[in-house]
Structure formats: structure tokens, C-alpha cells
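Enquirer: Take this sequence and fold it.
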Amino acid sequence: MPANGNDPAGGPPARDAFGGEVGRGHARTIRAPWQADSVPLVREAVASDLAARGVSEQVVGEAELVVTELVTNSLRHARPLPDHTVRIHWKARNDNVEVEVSDAGGDTVPAPAARAVWATSGRGLRIVRSLAHEWGVTQDEKQVNVWAALGGPSRRRVTT
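Expert: A predicted model of the protein is given here:
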């Protein structure tokens, strides 16, 4: 798929599971149904869109993992937005990608869990923190946004 999102055979632009044109514009926002079945669809939408924009395979893979963790955490620990969705927004400039997941918040503010070797869950935000060169949480009375910036220098990534 070329960087402009058009079919190489000259057909109409490719569309993802949410009806959006793949690789079109500078940024993209989708609202996914508040259900576990949405996670792989969101992951695929983000990955195919970023690949169509010419983002490197490494950063696309990191974005897939980060968006999967953020959406899963949202579904597990928060409440849906008023329209019973979770909002996913991303933008890319070259290999710099920002991903943001928004929901109606939960009982706690999103934060990495304490390190626990034998825990069967609780590593999601630690994974996000290890891949992102920046990440954070913003909130107001209506929603919580967890965001991550990828593709730049990470304070935790080991480079060789």
C-alpha cells in the first residue's frame, strides 16, 4: 500500500474496520465499541494506517503493542464514554507517532503497577512506559486520556 493510502491498482482508498480511509491525512480518530472484540480491530486499524503513512515497521509494532495495552486497560479499569465507546486518536509525522486512548475514567488514575515477578497481569502501563519516549495521563470531569509518544528517543530503550 503506498503512503497515500490508495490501492496500487488505482482503485479507491483502502478502508479499515471503522470505515476510515487508511493512511489519509495527518491524524485519525476512531470510536470503538466498549467490548473486548474491539481490541484486535483497533490494533489492526492503527497498524495498517501507520504502515500506509510510511512509518517504520519497528514503530508500527510498538504502536500496535501500546494501543493494545491502553485499550485493554481502558476496558478493564474504566467506564465507557457516554456513547458506550472508547476513543482512540493517533497522529504520525515520519517515524514519530502519538497514540491517545480516552474513556470516562475509573476509580483510580492510570499508573504503572508495582513490579511483581509472579503477577499474571498489571504490566500494561509498564510496557507502555518502556516503549514510549513520553507518556502521560490527562483528565477532566468527563474523560481520562492516556497518551504515549513513540519513535523518538526513549529513556528506557537500550540501543546498540
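Enquirer: Geometric centre of this protein: which residue is closest?
Expert: Central residue of the chain (CA atoms, centre = their mean): Val67, 2.8 Å from the mean position.
Enquirer: now that residue, what's its secondary structure?
Expert: helix (DSSP: H, G, I helix; E, B strand; the rest coil).
Enquirer: Could you report the distance from it to Ala47?
Expert: 9 Å (CB to CB, to the nearest Å). Where you see a C-beta, it was placed from the backbone N, CA and C, and this is true even at glycine.
Enquirer: Ala92 belongs to a strand?
Expert: Yes. Assignment of Ala92 by three-state DSSP places it within a strand.
Enquirer: That one contacts Leu50, correct?
Expert: Yes. In this structure, Ala92 is within contact of Leu50 by CB atoms under 8 Å, at 5.7 Å.
Enquirer: And those two? Which one has more around it.
Expert: Taking neighbours as other CB atoms under 10 Å, Ala92 and Leu50 compare with Leu50 leading, 30 against 25.
Enquirer: I'd assumed Glu62 was in contact with the more buried one.
Expert: No. Counting by CB under 8 Å, Leu50 sits too far from Glu62 to count as a contact (9.9 Å).
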